[in-house]
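> okay, predicted coordinates and the sequence, questions at the end:
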Amino acid sequence: MPNLERLIERWRAGDEKAAEALYNIHQIKVYRLSFGLLGNKEDAEEAAQEALTYALLHIQDFDARRSKFTTWLHMITVSRCRDLFRKKRLPTLSFSAWFNRNRVPSPPEFSPEQRAMQSEKRDMIWEAVLELSPALREAIVLRHWGEHTYKEIADIVGCPLRTAQSRVRLAYQYLEKSLDKVAQERFAEEAI
Amino acid sequence: MTTRHISEENLMRYICRTLSDAERESFDKHLSECPICRGRLNVHELRQRQIGDSLESAINEVSPSQKMNFAAIAPRLQQRSTQPQIWRRLSLATPIAMAVGGLVLAFFGLWQNLDIVLVPQLHSFQGPLSTLSCFCFIFVSMGQFDQAFTARPRFIIMALLTSLLWAGTLVIGLLNILVIRDLVLMVYLSAGHNTAEMSVAAILAVLISALIYIAVVIGGAEYHYKHIGCPSSWKLFSWTIMGQLFIMVLPYFL
């Protein structure tokens, strides 16, 4: 991997090739983080593009002495995901939205074929993750998938350290309860 | 053997590594002696591994479509800001200047209105300076709220801005008490009550609003101190000042 600091410096000086390299290095990680937070491929793509564009446009604001580039980039990504989430929740005035208002929102992310291929337990956990509140989902995704420290999570989501710790713990507790509930239901079904 | 088992919450904190050193040491000791808690810990750890693995594989299996590439954003990057360092420093100084300006205006606004005594005649509240200071504070808090996720200023700047905004809400809060008193007087005047009744009502209004003011000042200080620079703190400032502005402009509509 090319030296990240060198690429940032080159892009700051105006070298577009460096911007492209920075984009290519972080594209997949930013996209997957957005997917983890939004649970929808199209939205994740939109949020990831917005986040990468913003980060590259505001590269002068990045200060390597204060945070890692990934932390800074993830902070922007979380912010863009929140914006998108908020936008989707607001009522729209478009006619298409009006006519489609009775349709079930957010179609299942995986096709039936894909679902069949995936293990049942993983699906179950992923669905439980999507049911978490946005704040808890951010915490668990950043901790487990992003492998950020609690301090970094607090910086990224903009909350005190102890709040970040509690959010991760609460998310685990909720997911464990969901696992228990499904296991109990399955046990009851088998008994019948 | 210790009979008191570790609570579920503390077990989770143990696994999430959010315990203090002393707590961790005491739990380690208990776990080495208690097979029940060790068993519970193993179950939690196993579940957490399952959760972690599932989360990781669900997220890692998706990949962006062909549409998501650098070429799609390249034209937008042409607008990249190439402003020199001096302008960037100035843009950082703007919210501080606005907050200081707002505070000065709020003090002048308070000064203008302090000499108003409780009189039976309807007097007019001098609001323009205070209203302007509210707008300054709203500009600062909303601007910071937007910045909070991307380019956070240094802690010292955020602490300074928080202190200035908090002081601003304090001064405007005092003005709000005066406005509420005036509003009560206006209502009583229009209803044709006598001066004694008016005075009692005004004193009551001042007392109640002062109590609310003290609660908001203390609660706000604690909250903002714990959340310096967090979006929630800037958001609370924005809502507080908008509420104060609403009270401030009420006399213009009555």
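Nice, thanks for sending it over.
> residue A:140 touches residue A:132, doesn't it?
Yes. Assessed by Cβ atoms under 8 Å, residue A:140 is found in contact with residue A:132 at 6.9 Å. C-betas here are computed from N, CA, C, even on glycine.
> now do the shared contacts for those two.
Listed as contacting both residue A:140 and residue A:132 by Cβ atoms under 8 Å, 6 or more residues apart in numbering or on different chains are A:171, A:175.
> between those two, who's got more neighbours?
residue A:140 (25 against 19; other Cβ atoms under 10 Å in any protein chain shown).
> so where does residue B:99 fall, helix or strand?
Using DSSP states H and E, residue B:99 falls within helix B:85-114.
> after that helix, which helix or strand is next? Please name it.
Counting by DSSP H and E, the next helix or strand C-terminal to helix B:85-114 is helix B:128-147.
> check contacts around residue A:55.
A:62, A:72, A:73, A:76.
> what is the nearest of the residues you listed to chain B?
residue A:76 (5.4 Å; Cβ to the nearest Cβ).
> number of nearby residues for the closest one?
The burial count for residue A:76: 24, using other Cβ under 10 Å.
> then residue B:38?
Residues near residue B:38, counting by other Cβ under 10 Å: 13.
> report the secondary structure element holding residue B:43.
In this structure, residue B:43 is located in helix B:35-60 according to DSSP H and E.
> what domains does the record give for chain A?
A:1-91, A:110-192 (automatic domain parsing).
> going by mean pLDDT, which of those comes out lowest?
The weakest mean pLDDT among those belongs to domain A:110-192, with a mean of 79.
> gap between residue B:167 and residue B:127?
Between residue B:167 and residue B:127 the distance is 19 Å, computed by Cβ to Cβ, to the nearest Å.
> quick one, which of those two is more surrounded?
Neighbour tally, residue B:167 and residue B:127, criterion other Cβ under 10 Å: the higher count belongs to residue B:127, 19 against 15.
> does that one really touch residue B:251, like I thought?
Yes. Taking contacts as Cβ under 8 Å, residue B:127 lies within contact range of residue B:251: 6.9 Å.
> give me the common contacts of the two.
Contacts common to residue B:127 and residue B:251, judged by Cβ under 8 Å, 6+ apart, are residue B:179.
> tell me which residue is most central in chain A.
What sits nearest the mean C-alpha location of chain A, by Cα atoms, centre = their mean, is residue A:37, with 2.9 Å.
> what distance do you get for that one to residue B:4?
When distance is defined by Cβ to Cβ, residue A:37 is 40 Å away from residue B:4.
> before we move on, back to that, now the residue nearest to the centre of chain A: which helix or strand?
Here residue A:37 is assigned to helix A:16-38, by DSSP H and E.
> who are the packing partners of that helix?
Packed against helix A:16-38, as judged by 3 or more Cβ pairs under 8 Å, 6 or more residues apart in numbering or on different chains; DSSP states H and E, are the following elements: helix A:4-12, helix A:41-57, helix A:69-89, helix A:134-140, helix B:35-60, helix B:70-77.
> the ones you listed: which one's closest to residue B:225?
When the helices and strands packed on helix A:16-38 are compared by Cβ to Cβ, helix A:134-140 sits nearest residue B:225, at 21.3 Å.
> tell me the first helix or strand C-terminal of that closest one.
Taking DSSP H and E, what comes next after helix A:134-140 is helix A:150-157.
> helix or strand right after that following helix?
That would be, after helix A:150-157 and using DSSP H and E, helix A:161-191.
> show me how far that next one is from its chain's centre.
Mean-position distance between helix A:161-191 and its chain equals 20 Å (Cα atoms, centre = their mean, to the nearest Å).
> for it, name the packing helices and strands.
By 3+ Cβ pairs under 8 Å, 6+ apart, helix A:161-191 packs against helix A:120-131, helix A:134-140, helix A:150-157, helix B:8-15, helix B:35-60.
> got those helices as a markdown table, with distance to residue B:216 columns?
Putting these into a markdown table (distance: least, Cβ to Cβ, whole Å) gives the following:
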| stretch | distance to residue B:216 |
| --- | --- |
| helix A:120-131 | 36 |
| helix A:134-140 | 25 |
| helix A:150-157 | 26 |
| helix B:8-15 | 32 |
| helix B:35-60 | 41 |
